[in-house]
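Undergrad: predicted model, plus sequence, below.
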Amino acid sequence: MFVNFCLADHIPEDNFYRILKQTLDLSFVRKKTQFCYAAKMGRPSLDPVVFFKCMIIGYLENICSDRALERHIHMRMDLRFFLNYDIDDPTPDHSTFCKTRKRIPAEIFEDVFNHILLLCVQQGLVAGNIQSIDSAYINANASIDRMVDIKLVDRSPDEYLDEVRAQDGKAFVYGQTPEIQAKQRLAKSQKNLERYTKMRKEKYTAQDGGKEHRKNKRRFLSNATHMSTTDPDARVAKKSGKPRMLCYSSMMAVDTKNNVITHMSAERAHKKDSRYLLSTVQTTKSRLEQMGLKVQTILADAGFSSGENYSALNAMDLNAFIPIHGTYKPSREGFTYDSEKDVYICSQGKELEYRQMAKSGGYFKKRYLSKKKVCDHCPAKDGCVGKRGYKKIEHTIYKPEYDEMIDRLKSEEGQFTYKLRMHTVEPVFGSLQQHYGLRWINTRLIDNAHKVMLMAAAALNLKKLLKKI
């Protein structure tokens, strides 16, 4: 029936995938993935070039499921043409997609993402000087209702230490020995578990609705007391006004010229966004420098605010615009800070000198104390000093960086530049979730989630590249 049928003759010249086939050359991945396949033994595997093209097709067509992608490719002639499959050739099976994704390391996926980003740079779509950074929660492929209690009591500090190191890598940063910190974390986790168990016994009884109370149990789940056996890397997170969910945190950097994604990575969702800022900036900066571009400005929201980040970005000679979080106090009522003398001056003209550095709430702070002899004769003593008879003021060791950021954001340049963030990274996240198959992660474990996010970002960049062409 199809003796004289030529698939290429039936694909229009302006078809998206026909143009994409002429533009995108992924033949370099064959050499990079040679070590993943047996040389002469076994059944012939799926061509890695075909695999990456299938992954890109899935996100371009807003398909989250491997089974749905298999059916979609089987029915579309232009997709067969893009993959070099004839009209009667069998298309790849969904199980092959899953096995190949696990087999190929994440570094190869990053190479494909970098290759597509380089094509965008060559077309003039990326300026590189201003990068906007943000994060979003992406639902994991696991149910929060199937989480189980962590049996912390049965583990020794050494076992808990090994688990923390395996999960977080650089988990200890405050100068204490790992063994002491492991014991502290273990004790804190056991305390959280006991408090959680007591709370459930008090709140969830037959008098409060019987079995109906189980519908609300997700509201009280914590990463310190529960874990997912389906996807151990997924973490419980919560957005304002929404129930808790198992998810990954997606860290993304976007170039402000044409909203091209310059960085994408999957992170565990239980940490603050500020913990991932520096690694994101360093990776993005290194990637763009290899492509001949220089990063000069970083934009991010208040979730990435921290004195450590401000100091590190200044050391990297980057002009950052990151709003201050709500807990920082630039001044103290009734006191004036003299930065040259490094003292606080009260309304009566007396000085509070710097005495020591203290650790409070997990952060190092500078502590300023007044002299008790001076405060005893002060007319404003009532309502000022504490029970010990002297005044104490603490502020972060990064106060100069915080004050500098406040002045920078108030400037005309800061107000104009920061407005770019709302028009770049946030719409891109919305597009990825609604139109590029990133509504949820259809794989498990953080390594596979990272691969999924990279391919979704590469698909969006390809769409912008072909629009430019």
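TA: Cool, the structure landed. Residues are numbered from 1 along each chain as shown.
Undergrad: which residues does Gln356 contact?
TA: Counting by C-beta atoms under 8 Å, 6 or more residues apart in numbering, Gln356 touches Arg367. Placement of C-beta: from N, CA and C, glycine included.
Undergrad: so it: helix, strand or coil?
TA: strand (DSSP: H, G, I helix; E, B strand; the rest coil).
Undergrad: for the closest residue to Ser370 other than its chain neighbours, report the pLDDT, please.
TA: Leaving aside its chain neighbours, Ser370 sits nearest to Lys391 (4.2 Å; criterion: C-beta to C-beta, 6 or more residues apart in numbering). Looking at Lys391, its pLDDT reads 84.
Undergrad: again with Gly175
TA: pLDDT at Gly175 comes out at 49.
Undergrad: low-confidence bits of the stretch 101-250 of the chain, can you list those?
TA: Within the stretch 101-250 of the chain, the segments meeting pLDDT under 70 span 151-183, 185-186, 189, 193, 196-220.
Undergrad: for Ser65, which non-adjacent residue is closest in space?
TA: Asn442 is the one closest to Ser65 (C-beta to C-beta, 6+ apart), at 6.1 Å.
Undergrad: ignore what I typed, I meant Asn314.
TA: Glu401 (6.7 Å).
Undergrad: any idea how far Asp134 is from the one you found?
TA: Using C-beta to C-beta, to the nearest Å, we find Glu401 at a distance of 21 Å from Asp134.
Undergrad: follow-up on the earlier one: wasn't the residue nearest to Asn314 part of a strand?
TA: No. Assessed with three-state DSSP, Glu401 is helix; it does not lie in a strand.
Undergrad: so how far is Phe335 from the residue lying farthest from the centre of the chain?
TA: Residue farthest from the centre of the chain, counting by C-alpha atoms, centre = their mean, is His377 at 54.1 Å. From His377 across to Phe335, the span is 18 Å (C-beta to C-beta).
Undergrad: what's the answer for Ala380, then?
TA: 11 Å.
Undergrad: same question for Ile441.
TA: In terms of C-beta to C-beta, Ile441 sits 50 Å off from Phe335.
Undergrad: Met264 reaches Ala457, doesn't it?
TA: Yes. Met264 is within contact range of Ala457, at 4.0 Å (criterion: C-beta atoms under 8 Å).
Undergrad: what touches both of those two?
TA: Jointly contacting Met264 and Ala457 under the rule C-beta under 8 Å, 6+ apart are Phe113, Met252.
Undergrad: so where is the stretch 251-400 of the chain shaky, pLDDT-wise?
TA: 360-362.
Undergrad: helices along that one, start to end?
TA: Assigned helices in the stretch 251-400 of the chain, in chain order: 277-290, 307-315, 372-376, 399-410 (criterion: DSSP state H, counting those that start in this stretch).
Undergrad: how about the first one: buried residues?
TA: The reference is to helix 277-290. Leu277, Leu278, Thr280, Val281, Thr283, Thr284, Lys285, Arg287, Leu288 (16 or more other C-beta atoms under 10 Å).
Undergrad: quick one: residues contacting the fifth one.
TA: Contacts of Thr283 were listed using C-beta under 8 Å, 6+ apart, and they are His263, Ser265.
Undergrad: ok, now which ones touch the residue lying closest to Leu288 once chain neighbours are set aside?
TA: Leaving aside its sequence neighbours, Leu288 sits nearest to Gly128 (C-beta to C-beta, 6+ apart; 4.8 Å). Neighbouring residues of Gly128 by C-beta under 8 Å, 6+ apart: Val121, Asp255, Thr262, Leu288, Met291, Leu293, Lys294, Val295.
Undergrad: if you set the cut-off to 10 Å instead, what comes out?
TA: 121, 255-257, 260, 262, 284-285, 287-289, 291-296 (C-beta atoms under 10 Å, 6 or more residues apart in numbering).
Undergrad: so where does it fall, helix or strand?
TA: According to DSSP states H and E, Gly128 maps onto no helix or strand at all.
Undergrad: ok, which stretches of the stretch 1-150 of the chain are strands?
TA: 130-139, 148-149 (DSSP state E, counting those that start in this stretch).
Undergrad: run a quick neighbour tally on Pro400.
TA: 14 (other C-beta atoms under 10 Å).
Undergrad: how about Lys366?
TA: 17.
Undergrad: surely Ala136 and Glu267 touch.
TA: No. At 11.0 Å, Ala136 does not count as touching Glu267 under the criterion of C-beta atoms under 10 Å.
Undergrad: what is the spatially most central residue of the chain paired to in the beta sheet?
TA: Centrality entry for the chain: nearest residue to the mean C-alpha point is Met251, 3.0 Å, by C-alpha atoms, centre = their mean. Per DSSP bridges, the residues bridged to Met251 are Ser135, Ser265.
Undergrad: let me see the contact set for it.
TA: Counting by C-beta under 10 Å, 6+ apart, Met251 has contacts 133-136, 263-267, 273, 276-277, 279-280, 283-284, 453.
Undergrad: buried only: go through those residues for me.
TA: The neighbour count (16+ other C-beta under 10 Å) marks 133-136, 263-267, 273, 276-277, 280, 283-284, 453 as buried among those.
Undergrad: related to what we said a few turns ago, identify the residues contacting the residue nearest to Asn314.
TA: Contacts of Glu401 by C-beta under 10 Å, 6+ apart are Ser306, Gly307, Glu308, Asn309, Tyr310, Ser311, Ala312, Leu313, Asn314, Ala320.
Undergrad: quick check on those residues: which are buried?
TA: Counted by 16+ other C-beta under 10 Å, those give Ser306, Gly307, Glu308, Asn309, Tyr310, Ala312, Leu313, Ala320 as buried.
Undergrad: the last one is in contact with Arg408, isn't it?
TA: Yes. Assessed by C-beta under 10 Å, Ala320 is found in contact with Arg408 at 8.0 Å.
Undergrad: mind listing the shared neighbours of the two?
TA: Tyr310.
Undergrad: and the residue nearest to Tyr137 when sequence neighbours are not counted, which of the three is it?
TA: Leaving out its chain neighbours, the residue that sits closest to Tyr137 by C-beta to C-beta, 6+ apart is Cys247, at 4.3 Å. Recorded secondary structure, Cys247: strand (three-state DSSP).
Undergrad: so where do the helices sit in the stretch 1-150 of the chain?
TA: 16-23, 28-32, 48-60, 66-75, 77-82, 94-103, 106-122.
Undergrad: give me the angle between the last one and helix 94-103.
TA: Spelled out, it's helix 106-122. 90 degrees (axes from the mean of the first three to the mean of the last three C-alpha atoms, to 10 degrees).
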